[in-house]
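[1] how would this look folded up:
(chains A and B)
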Protein chains: 2
Amino acid sequence: MNEFILPLEKMVEAFRRLPGVGRKSAERMAFGILGMSEAETKDFLYAISNGKESIRPCACCGNISETDLCPICADESRDKKTVCVVEDSKAVLTFEKIKEFKGVYHVLGGVINPRNGIGPDDINIASLIDRIQKDGVSEVMIATNATVEGEATAMYISRVIKPTGVKITRLAYGIPVGADLEYADKLTLLRAIEGRREF
Amino acid sequence: MNEFILPLEKMVEAFRRLPGVGRKSAERMAFGILGMSEAETKDFLYAISNGKESIRPCACCGNISETDLCPICADESRDKKTVCVVEDSKAVLTFEKIKEFKGVYHVLGGVINPRNGIGPDDINIASLIDRIQKDGVSEVMIATNATVEGEATAMYISRVIKPTGVKITRLAYGIPVGADLEYADKLTLLRAIEGRREF
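    A predicted model of the protein is given here:
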C-alpha cells in the first residue's frame, strides 16, 4: 500500500477542490472525516448541502441571500443612491464590518480576466447599468481589489457607465494605516505620493 | 448585515470542525462551495459520503480499508511476525512510503490521554495482545509519536505485553539526518547522546 485507497484518495481530491487547500491539509481533513462519528459526518454533509441549496444571489445586487432581496437591499434605511461595486460577497462583509458605509452594494461575481476566458458579459455589469438608470443612482464607488484584473475591471466599468452621467469614484490607494513606510512596496508608495493631500 | 447569514455560518462551522481549519480558511471554503456549480457540489458531497461509508477498520490491524482485511494484512509476502504499533493510519502511510518495512502494522486509533478521558481500553491494545499470542509474533516495534502521550502509551503497551515474552523495540531518537546540531532541541540532543553508538 504505497498510495491511498481509492475512496480516501477521492475524499482528498474533493477537499483539494476548495480554495486554499493543499495536499497535506486535504489529507488531514479526509482523516478528520474518517475520525468522526456517523452522526457528525451527517451533520457536516447536511450543513454543506443545505447551505448550498438555501443561499442564492440577491435579485437586486447579487450578494448572497436566503431571500429574494438580501437584508441590505431590503433595508429601507440604506441609501440606495450610493452603490459600492465589489468583486464578491466576501467584500460586502468586509465593508459591513466597519459599519460606516450606509449605501448599498453591487456584487460583480468576479473580475474581467481574458486569460481565464472571463469577459464583461460574464460578470454582473449589465445589471449595474440597469440599476443606475432605474434607481437614479448618484454615485458609484468602485471597490474592486487592487490587482491587475481588479484595476482593469474598474477601468472598464467606469468607461461603460460614464454615459449615464453618474459620479464615479474609486477607493484611495496608499500606505496602510499603522504600517511602516519601510515595508511599503514601490507601487503603493508611488500611488500614495500621487494621491497626497494638503494638511 | 454584520454577520454571516445563518446557512453560511452553518457551513463555516462545519468546515471548522475539520482538523487544522481556522475561521478564515473555513470562510474561504464555504465561499468556495457557493462558487461551485450544482454538479461540482454534488461530486464533492458524494466523495465525502462515499469515502466515509466504504472505508472501515481492517479486522486484523485496525488500518483503514475497503475490504475486511487491509491490503497489507492480506499480503502473503509481508512478515506477520514483526508488528509495528502506530497511533493512526496516517503513520502507516508514512512507513509505507519508505518501502523498507516488510512487517505488518497495528493501528491503535489514538493514544492514552487521561486529560481527554482516553484510557487503555479506548484504544486497540487488547486486540494487539490477542494478535501477539494468536499469530506467534516475535517482535513488536512501538512507533507512537515522540510526544508525552505517545511516550506514555508506548510505556504502557510495553508493560502489558511483556508477559507474552515478545521482543519489544522502540524507534530510535536522535538528530534528524541532514539537520544542523545547532537547531536540535535540548531533549533531542540528550536522547541522541544516550543512544550513541560505536563507529
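[2] all contacts plus neighbour counts: C-alpha atoms, from now on.
    Noted.
[3] where is the longest strand in chain A?
    Across chain A, the longest stretch assigned as strand under DSSP state E is strand A:79-86.
[4] and A:I98, how many neighbours does it have?
    When neighbours are counted by other C-alpha atoms under 10 Å in any protein chain shown, A:I98 registers 9.
[5] next helix or strand past the longest strand of chain A?
    Following strand A:79-86 in sequence order, the next helix or strand is helix A:89-98 (DSSP states H and E).
[6] list the buried residues in that following helix.
    Across helix A:89-98, burial judged by 16 or more other C-alpha atoms under 10 Å in any protein chain shown covers A:S89, A:K90, A:A91, A:V92, A:L93, A:F95, A:E96.
[7] looking at those residues, which is nearest chain B?
    Closest approach to chain B among the buried residues of helix A:89-98 (C-alpha to the nearest C-alpha): A:E96, at 5.7 Å.
[8] distance of that closest one relative to A:C73?
    A:E96 sits at a distance of 13 Å from A:C73 (criterion: C-alpha to C-alpha, to the nearest Å).
[9] mind checking the SS state of A:G178?
    For A:G178, the assignment made with DSSP: H, G, I helix; E, B strand; the rest coil gives coil.
[10] how much space separates it from A:A184?
    11 Å.
[11] in terms of neighbours, single out the busier of those two.
    Comparing A:G178 with A:A184 by other C-alpha under 10 Å, the one with more neighbours is A:A184, at 15 against 6.
[12] leaving out chain neighbours, which residue sits closest to that one?
    Excluding the flanking residues, the one nearest A:A184 by C-alpha to C-alpha, 6 or more residues apart in numbering or on different chains is A:I175, at 6.7 Å.
[13] look up phi and psi at the one you found.
    phi -70, psi 130 (degrees, to the nearest 10).
[14] that one contacts A:D185, correct?
    No. Using C-alpha atoms under 8 Å, A:I175 is not in contact with A:D185, being 9.3 Å away.
[15] pLDDT of stretch A:41-59, averaged?
    Average pLDDT, stretch A:41-59: 96.
[16] adding pLDDT, write the buried residues of helix A:89-98 out as JSON lines.
    Formatted as JSON lines, the buried residues of helix A:89-98 follow (pLDDT from 0 to 100):
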{"residue": "A:S89", "pLDDT": "91"}
{"residue": "A:K90", "pLDDT": "87"}
{"residue": "A:A91", "pLDDT": "89"}
{"residue": "A:V92", "pLDDT": "92"}
{"residue": "A:L93", "pLDDT": "87"}
{"residue": "A:F95", "pLDDT": "87"}
{"residue": "A:E96", "pLDDT": "88"}
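[17] of the residues you listed, which is the nearest to A:A146?
    Within those, distances to A:A146 taken as C-alpha to C-alpha reach their minimum at A:A91, with 12.5 Å.
[18] would you check how far apart the closest one and B:P57 are?
    44 Å.
[19] and if you look at A:F4?
    Using C-alpha to C-alpha, A:F4 is found at 14 Å from B:P57.
[20] comparing these two, which shows the higher neighbour count?
    Set A:F4 next to B:P57 and count neighbours by other C-alpha under 10 Å: B:P57 wins out with 19 against 15.
[21] give the contact list for that one.
    B:N63, B:I64, B:S65, B:D68 (C-alpha atoms under 8 Å, 6 or more residues apart in numbering or on different chains).
[22] closest to A:V21 out of these?
    B:I64 (22.9 Å).
[23] ok, the closest one - contacts?
    Counting by C-alpha under 8 Å, 6+ apart, B:I64 has contacts B:I55, B:R56, B:P57, B:C58, B:C70, B:S89.
[24] distance of the most centrally placed residue in chain A from B:R17?
    Taking C-alpha atoms, centre = their mean, the centroid of chain A lies closest to A:D88, which sits 2.0 Å from it. Remark: distance between A:D88 and B:R17 (C-alpha to C-alpha) = 25 Å.
[25] if we can go back for a sec, buried only: go through the contacts of B:P57 for me.
    Buried members of the contacts of B:P57, counted by 16+ other C-alpha under 10 Å: B:N63, B:I64, B:S65.
[26] want to try a markdown table for those, with pLDDT and secondary structure as columns?
    Below are those laid out as a markdown table (pLDDT from 0 to 100; DSSP: H, G, I helix; E, B strand; the rest coil):
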| residue | pLDDT | secondary structure |
| --- | --- | --- |
| B:N63 | 95 | coil |
| B:I64 | 94 | strand |
| B:S65 | 95 | strand |
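[27] buried sites along stretch A:187-194?
    The neighbour-count check on stretch A:187-194 (16+ other C-alpha under 10 Å) flags A:L189, A:A192 as buried.
[28] other residues contacting it?
    By C-alpha under 8 Å, 6+ apart, stretch A:187-194 touches A:Y173, A:G174, A:I175.
[29] that older thread, ok, the residue nearest to the centre of chain A touching A:V111?
    No. Using C-alpha under 8 Å, A:D88 is not in contact with A:V111, being 9.2 Å away.
[30] what about the strands in chain A?
    In chain A, the strands defined using DSSP E lie at A:56-57, A:64-65, A:79-86, A:103-107, A:139-142, A:167-170.
[31] I'd like these written out as CSV, with distance to B:E9 added.
    Converted to CSV, those look like this (distance: least, C-alpha to C-alpha, whole Å):
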stretch, distance to B:E9
strand A:56-57, 15
strand A:64-65, 12
strand A:79-86, 21
strand A:103-107, 20
strand A:139-142, 27
strand A:167-170, 31
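[32] quick one: end-to-end length of stretch A:52-60, please.
    20 Å.
[33] same question for that stretch: list its buried residues.
    A:K52, A:I55, A:R56, A:P57, A:C58, A:C60.
[34] output these as CSV; include the columns distance to A:G22.
    Converted to CSV, those look like this (distance: C-alpha to C-alpha, whole Å):
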residue, distance to A:G22
A:K52, 23
A:I55, 26
A:R56, 28
A:P57, 29
A:C58, 32
A:C60, 36
